[in-house]
Every structure is written in C-alpha cells, then in structure tokens.
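# Just the structure for this:
(one chain, ligands or ions: 1)
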Amino acid sequence: MKLIFFGTSGGIQTKTNANVCFLVADEELSVLIDVSGNPVQYLERAGVDPQTLDALVLTHSHTDHIYALPSLIHNLWLMKRDKPLSIVSNPFTLERAKELCACFSLLSKENLFQIDWIRDTLGGIELFPVAHSTPTSGVKISSSRSCIIYSSDTSPCKTIISAAKGSKALIHEASNTSEFEGRLNSAGHSSGRQAGAAAKEAGVKKLFLCHFDPQYAQNQDKIVRESKSAFAGEVIIPELFRAYEV
Ligand SMILES: [Zn+2]
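Purely as a prediction, here's the structure:
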C-alpha cells in the first residue's frame with residue numbers, strides 16, 4: 001500500500017507545508033484522505049491520474065480538512081470524469097460537505113459524474129469515532145496486503161488503539177510537544193508523546209506524525225524525541241510527495 005502526503009500542517013499553513021491531505025493507494029483502491037490546497041495538482045505532481053481516484057474520505061468538517069472539496073469536484077468535472085466518486089464520512093460531515101458544494105451549485109452541473117455519499121463504511125474503508133470538538137472520524141483502510149490507520153484530529157482515544165491492533169502503520173496527529181498537552185487535549189488534539197504512546201499500545205511497527213502547530217519547525221526534533229521515548233518502532237515525519245510503502 002502506497003502512502004503519499006501532500007501536506008502535514010495543522011490549522012495554519014506554512015511557507016512550505018499545506019494542511020493535512022494524503023493519498024492511500026494500491027491495486028485495489030485509491031483514496032484521498034481529507035482535501036486541502038490544490039488536490040488535483042497534488043495528484044498530478046505525484047504522478048497519479050486524478051481520474052483513477054476511487055474515493056475521498058472526509059474525517060470532519062473543520063475548514064483545514066474540507067475546504068478544497070469544491071475545487072476537487074470542479075476540476076474532475078471540467079476534466080470530464082465519467083467514473084463515479086465515493087465520498088465517505090460521518091453523517092454530520094456529509095451534510096456540511098453537501099452544503100459546501102451547494103455554495104457553488106456544483107451538484108447540479110450538467111453531466112456531472114456520479115457522486116456516491118457514503119456513511120462510515122465502504123469496502124476497505126472503515127470510519128470510527130474519535131475525540132475532537134466536532135463529529136470526527138478516524139479511518140482504517142485495509143486491502144488484502146496491508147492496513148493503515150489515521151487518527152484524524154483527536155485527543156488520546158481508545159477507538160484508535162482498537163482499530164490499529166494488528167496493523168503495521170499508524171498515522172497520528174502530533175500537534176505539538178508534551179508541555180502543551182493540557183491545551184491540546186482540551187481542544188481535541190494530541191502531543192507527539194501521546195501519539196507515540198498510542199502507537200506502542202496498538203503494537204504497530206511505524207508511526208507517521210502530522211497536523212503540526214506552526215511552532216513545529218522549532219519543535220520538530222522534540223516532538224520526534226518525545227514520540228520515540230514512548231514508542232520503540234519507527235517514527236516518521238512525512239516528506240511531502242514521497243511515496244512510502246506500508
Ligand atoms: Zn479539526
């Protein structure tokens with residue numbers, strides 16, 4: 001299973017990093033997880049034909065995770081897509097996503113490709129609730145060969161541990177260092193140390209960190225160090241546009 005990150009920033013973008021958005025793909029399934037920035041450009045730049053995308057997962061309706069949805073649909077429509085696209089999310093987020101599309105009258109475009117709005121589960125995609133400030137879903141993506149879990153935005157949460165048991169890789173938010181845990185947890189976020197603790201408890205081999213606060217540039221080493229102090233496996237700060245095999 002291939003994993004390509006297009007952005008790993010938290011709510012505030014930086015000069016070199018977009019909001020969290022990434023692709024999970026293999027021969028069976030091609031799924032974009034959350035949608036920020038310029039999604040069609042991201043896919044093209046990564047050498048992925050945007051028309052091969054099977055599904056988009058929206059973890060929640062906070063701006064930084066959903067704002068580029070109209071642009072994705074508009075681009076695919078202009079490119080004359082004829083393959084259906086599944087949009088998978090929890091019921092609350094699906095409604096917000098439809099409202100966002102309605103702002104641009106996108107769903108009534110002539111010859112618009114079929115959009116299937118799917119609640120929580122589709123084939124190898126399975127959503128589960130996590131602990132954030134609006135209805136938010138973690139994501140499990142499974143194929144016959146591999147399995148990846150994504151925490152989305154969350155404070156430490158048992159559903160992630162249950163979902164990640166037996167999988168090789170966990171993608172977990174690590175907004176900042178442990179000294180900010182009080183503020184982070186009350187806002188529905190986690191530290192690098194807590195991401196490491198989740199990876200250890202779940203028994204995964206690899207931990208990818210994302211959703212960094214803007215001070216991340218100064219704190220990156222400490223976030224990684226704190227994750228490693230809690231988790232003996234591999235801790236990865238994703239390099240954007242690099243394809244990781246999981
Ligand atoms: Zn959020």
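# any idea which element the nearest residue to residue 107 once chain neighbours are set aside lies in?
Excluding the flanking residues, the one nearest residue 107 by CB to CB, 6 or more residues apart in numbering is residue 101, at 5.3 Å. C-beta here means a position set from N, CA and C on the backbone, and glycine is covered the same way. Element membership for residue 101, per DSSP states H and E: helix 91-102.
# average pLDDT across that helix?
Per-residue pLDDT over helix 91-102 has a mean of 98.
# now do stretch 147-156
Stretch 147-156 comes out at a mean pLDDT of 97.
# now check that stretch, is it near the ion?
Yes - using CB under 5 Å from the ion, stretch 147-156 reaches the ion at residue 153.
# Pull the distance from that stretch to the chain's centre.
8 Å (CA atoms, centre = their mean, to the nearest Å).
# Can you give me the first-to-last residue distance of that stretch?
21 Å (CA to CA, to the nearest Å).
# how far away is the residue nearest to residue 68 when sequence neighbours are not counted from the ion?
Excluding the flanking residues, the one nearest residue 68 by CB to CB, 6+ apart is residue 35, at 4.5 Å. Taking CB to the ion, to the nearest Å as the measure, residue 35 falls 14 Å from the ion.
# Who are the packing partners of the helix holding residue 101?
helix 63-66, helix 69-78, strand 85-89, strand 115-119 (3 or more CB pairs under 8 Å, 6 or more residues apart in numbering; DSSP states H and E).
# among those, which is nearest residue 214?
Each of these was scored for nearness to residue 214 using CB to CB, and the closest is helix 63-66 (12.3 Å).
# Off-centre distance for that closest one?
Computed by CA atoms, centre = their mean, the chain-centroid distance of helix 63-66 equals 10 Å.
# and if you look at stretch 34-44?
Distance, centroid of stretch 34-44 to centroid of chain: 12 Å (CA atoms, centre = their mean).
# Outside of that stretch itself, list whatever touches it.
6-7, 18-23, 32, 49-50, 53, 56-59, 64-69, 71-72, 75-76, 79, 152, 241 (CB atoms under 8 Å, 6 or more residues apart in numbering).
# give the contact list for the residue nearest to the spatial centre of the chain.
The residue lying closest to the centre of the chain (CA atoms, centre = their mean) is residue 33, at 4.2 Å. Neighbour list for residue 33: 21-24, 56-57, 59, 139, 150 [criterion: CB under 8 Å, 6+ apart].
# any idea which of those is closest to the ion?
Nearest to the ion out of these is residue 59 (CB to the ion; 8.1 Å).
# thinking again about what came up before, looking at this, the residue nearest to residue 68 is in a helix?
No - with DSSP: H, G, I helix; E, B strand; the rest coil as the criterion, residue 35 is located in coil rather than a helix.
# What about it, how many residues nearby?
25 (other CB atoms under 10 Å).
# Same question for residue 12.
12.
# How about residue 229?
Residue 229, neighbours per other CB under 10 Å, totals 13.
# Run a quick neighbour tally on residue 218.
9.
# Near the ion, which residues of this structure are found?
62, 153.
# For the chain, give me the ranges with low pLDDT.
215-217 (pLDDT under 70).
# Select the longest helix from it.
If you go by DSSP state H, the chain has its longest helix at helix 216-230.
# in its sheet, what does the following helix or strand past that one sit against?
Moving toward the C-terminus from helix 216-230, the next helix or strand (DSSP H and E) is strand 234-236. Sheet pairing of strand 234-236 (DSSP bridges) gives strand 206-210 (parallel).
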